[in-house]
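Enquirer: sequence first, predicted coordinates after that:
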Amino acid sequence: MTNNTAGEGSAAAAAVCIGSFVDSGSVESHRYYIARRTVIEMLGDRGYTVANAEEELSRSLDGFRAAFGDKPDPDRLRLLAHRDSNPSRKILVIFCEANEIRKKNMVGILSQIMNKETLDKVILILQGNINSHAKKVMNECSVKVETFPITDLLVNITKHVWMPKHEILTVEEKQMLLNKFNIEDKQLPKMLEDDAIARYYGLEKGQVVKITYDGAITESLVAYRCVV
């Protein structure tokens, strides 16, 4: 084999190798795949059980496309989960199709779910913006509604290598902490309710988070934050 032929063979092999990493499917399906995985992980971290969660999390991108298509129907991506400690408490996740949620869209979404399930919360995964009129309808809903832009779910922030460990204190654990230091919760360092971690765990005002920083270089550091 001449050097030229050998070079051509190497180039062809490299092209095949690089080509194996090219995703020939739609960007839309890839985004849905990643975001849905993050949502399932998030629900588990909140103490909810999703049916067939392990199977869903082990599914490959190709497997996802085989199940939902290259242009997934958002309605088929919905997730219903129940609280581990109380199965009657349920949360519904809806992937919204519209690029901008207007009042009409929000009324339509909420009218579909009301009276069909006894829900504690609804999470809407947004493709774009939500206008003020839609927000007003959402805030007046009898069920608490959370929203997440789909782009916020393309990475699970709790799995980042530099993210410290977060633990949500129970009511009893919070009271023990306050008694130990003889303080009120308002004297604890603050975490805003719209903080990314608070949103991930669905925390509400008054809840306390224990944060443990890795002690690879120094001793582990523990801090507490109260959601405000």
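Expert: Cool, the structure landed.
Enquirer: okay, CA-based contacts and neighbour counts for the rest of this
Expert: Noted.
Enquirer: in the protein, which helix has the most residues?
Expert: Among all segments of the chain classified by DSSP state H, the helix with the greatest residue count is helix 27-45.
Enquirer: who touches it?
Expert: For helix 27-45, the external contacting residues (CA atoms under 8 Å, 6 or more residues apart in numbering) are 49-50, 53, 56-57, 61, 64-65, 69-72, 77, 81, 150-151, 153-156, 200-201.
Enquirer: return the residues in contact with Lys103.
Expert: Contacts of Lys103 (CA under 8 Å, 6+ apart): Asn131, His133, Ala134, Lys135, Val137.
Enquirer: show me which of those residues are buried.
Expert: Among these, those classed as buried by neighbour count (16 or more other CA atoms under 10 Å) are Ala134, Lys135.
Enquirer: from the contacts of helix 27-45, which land in strands?
Expert: Under the assignment DSSP state E, the contacts of helix 27-45 contribute Thr49, Val50, Ala81 to strands.
Enquirer: so what pLDDT did the second one get?
Expert: Translated: Val50. What the model reports for Val50 is a pLDDT of 95.
Enquirer: now it: how far from Arg199?
Expert: According to CA to CA, to the nearest Å, Val50 and Arg199 sit 19 Å apart.
Enquirer: who's more crowded, the two?
Expert: Remark: of Val50 and Arg199, Val50 carries more neighbours, 19 against 16, as counted by other CA atoms under 10 Å.
Enquirer: pretty sure that one sits against Asp84.
Expert: No. Using CA atoms under 8 Å, Val50 is not in contact with Asp84, being 9.8 Å away.
Enquirer: spit out the contact partners of Asn131.
Expert: So Asn131 contacts Glu100, Ile101, Arg102, Lys103 (CA under 8 Å, 6+ apart).
Enquirer: in terms of helices and strands, where is Val122?
Expert: Assigned by DSSP states H and E, Val122 belongs to strand 119-126.
Enquirer: that strand pairs with which strands, parallel or anti?
Expert: According to DSSP bridges, strand 119-126 has the following sheet partners: strand 90-95 (parallel), strand 144-149 (parallel).
Enquirer: need the ones in strands among the contacts of helix 27-45 in CSV with distance to Lys121, can you?
Expert: CSV is the format used below for the ones in strands among the contacts of helix 27-45 (distance: CA to CA, whole Å):
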residue, distance to Lys121
Thr49, 14
Val50, 14
Ala81, 10
